[in-house]
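Undergrad: Sequence plus the predicted model coming up.
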Amino acid sequence: MTENLLDAAVAAGVTESDDLDWKTDLPPAKGLPQTDFPKDVAAMANSGGGVIIYGVCESQKAATGRMDAGELTEVYERTLRSAAITAISPPVFGLNIHRLGTMGNRAVVVEIPSSVDGPHLIYRGDYFGAPVRNDADTVWMKERQIEVMYRARFGERRHATEALDTLFTDVSAGRDTHNRAWLLGVAHPRVPHLPERLTREGARAVLNRTQELALKYANRRGIHPLESVDLFNPRPGLRRWVCVNTATSDRSRWKEAWLAIHHDGSVALAAAVGGHPTRVVGEGHFAGHQIESYAIECAVADLMALLRATAEATGNDEYDLRVGIEWAGSEPLTILTKDQMGFTYADTSTPLHRFTPVATTVNAGEPDLDYFWHVHDLAQDCVNQGGVSYVHLIQPPERST
């Protein structure tokens, strides 16, 4: 959406529709969840997505002119996103909010993505309803419509689980999990956008962006899987680009890694995380079941960087994600972290006979800081399973109040 496009739409008297709603003023920030904003967002989400444009006068549903919508501050933008999450059930994530125009002629465009979580409900006191767009109007769903949407949601969840299962099985194939633990991470877009397939140059651009983000999320104090794959020569695979392992010598095989960018926007990463060097002269390597928490943090940072960079290139936003650690040996997994002095590693792990895969939904298009905190929280969920309380390398800035 650009200002020229908005002016052209107003000049043409474009009428409201299922996916377009004209509004004059922004709703008040105070008490926003009690305004019509949550209902309008939920209705768009239940109808396949659309845009609400503030700063346009209309008559008989047709645009007639521009007016000033008011100031959209950073705090107010966060309030809009918060209302879409807290005042709607299930929440509507991934709002894209754009500012257009200058003082006296400002417009705000709120883009609501399509959703597979319908029906989205609005609660008013003791009552709830599911709004939906009916051409230019917002109406309430009947019971039958709600039933159909619930069936579609459950069917989509089964499909998403099957898609993640397939990706996870694929990326785990051929890993020597009897000798050392492997971290495996996969992510699949909830509503895949299918643009033209990435060219090799496009894949290289994604990988360059991935490197930039990964080092922002976790510094070089740990071993990044990205350092052990061929980022400059992605190779074609089955509907994907594959970065093959470059750690093939006897001295470097301990940090073996692979990653893939699928043409539908899915991503996959496999990294050997057990049996890394002890970093103490003369002590060699840890056992295959012993994992440094730093290795987990770096692998999670690289996976989340790859996801965000791929989403930017393919136009995807919400992803289902799964991270697991596979180990087939007889000893329980242990996660190693530094002691309070920061010099040596202490085995503080809760013995794990099975690492429970961490599953979550990530909005790859959310603001940088919010996404950074998702990287942190995912890594913390992983290390917490082994009795480690904190992550060390992934330290996002505090959110401003």
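TA: Received it, and whenever you're ready, just let me know what you need.
Undergrad: Mind listing what's buried along stretch 239-259?
TA: Of all the residues in stretch 239-259, those buried under the rule 16 or more other CB atoms under 10 Å are 240-247, 254-259. All C-beta atoms are positioned from the backbone trio N, CA, C, and that covers glycine.
Undergrad: Report how many residues lie close to residue 80.
TA: 19 (other CB atoms under 10 Å).
Undergrad: do the same with residue 354
TA: For residue 354, the neighbour count with other CB under 10 Å is 12.
Undergrad: and what of residue 143?
TA: Count around residue 143 with other CB under 10 Å applied: 8.
Undergrad: can you give me the strands for the stretch 251-400 of the chain?
TA: Remark: strands assigned in the stretch 251-400 of the chain by DSSP state E, counting those that start in this stretch are 257-262, 267-272, 290-292, 318-326, 334-338, 345-347, 358-363.
Undergrad: Just checking: what are the partner strands of the fourth one?
TA: Sheet pairing here is set by DSSP bridges, and for strand 318-326 it gives strand 182-189 (antiparallel), strand 358-363 (antiparallel).
Undergrad: Quick one: work out the angle between the first one and strand 267-272.
TA: With axes from the mean of the first three to the mean of the last three CA atoms, to 10 degrees as the basis, strand 182-189 and strand 267-272 are set at 180 degrees to each other.
Undergrad: which of the residues in the helix or strand just after strand 182-189 are buried?
TA: Toward the C-terminus, strand 182-189 is succeeded by helix 200-217 as the next helix or strand (DSSP states H and E). By neighbour count on 16+ other CB under 10 Å, the buried set for helix 200-217 is 202, 203, 204, 206, 207, 209, 210, 211, 213, 214, 215, 217.
Undergrad: is it possible to export those residues to TSV including pLDDT and distance to residue 87?
TA: Formatted as TSV, these follow (pLDDT from 0 to 100; distance: CB to CB, whole Å):
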residue	pLDDT	distance to residue 87
202	94	39
203	95	40
204	96	43
206	96	35
207	97	39
209	97	34
210	97	35
211	96	39
213	97	32
214	97	35
215	95	37
217	96	31
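Undergrad: Could I get the pLDDT score of residue 176?
TA: Residue 176 carries a pLDDT value of 95.
Undergrad: residues near it, how many?
TA: Using other CB under 10 Å, residue 176 has 12 other residues around it.
Undergrad: Pretty sure it sits in a strand.
TA: No - going by DSSP: H, G, I helix; E, B strand; the rest coil, the assignment for residue 176 is coil, not a strand.
Undergrad: What separation is there between it and residue 319?
TA: Plainly put, residue 176 is 28 Å away from residue 319 if you go by CB to CB, to the nearest Å.
Undergrad: For stretch 155-166, what is the distance to the chain centroid?
TA: Per CA atoms, centre = their mean, to the nearest Å, the displacement of stretch 155-166 from the mean C-alpha position of its chain is 17 Å.
Undergrad: nope, stretch 288-308 is what I was after
TA: From the chain centre to the centre of stretch 288-308 is a distance of 16 Å (CA atoms, centre = their mean).
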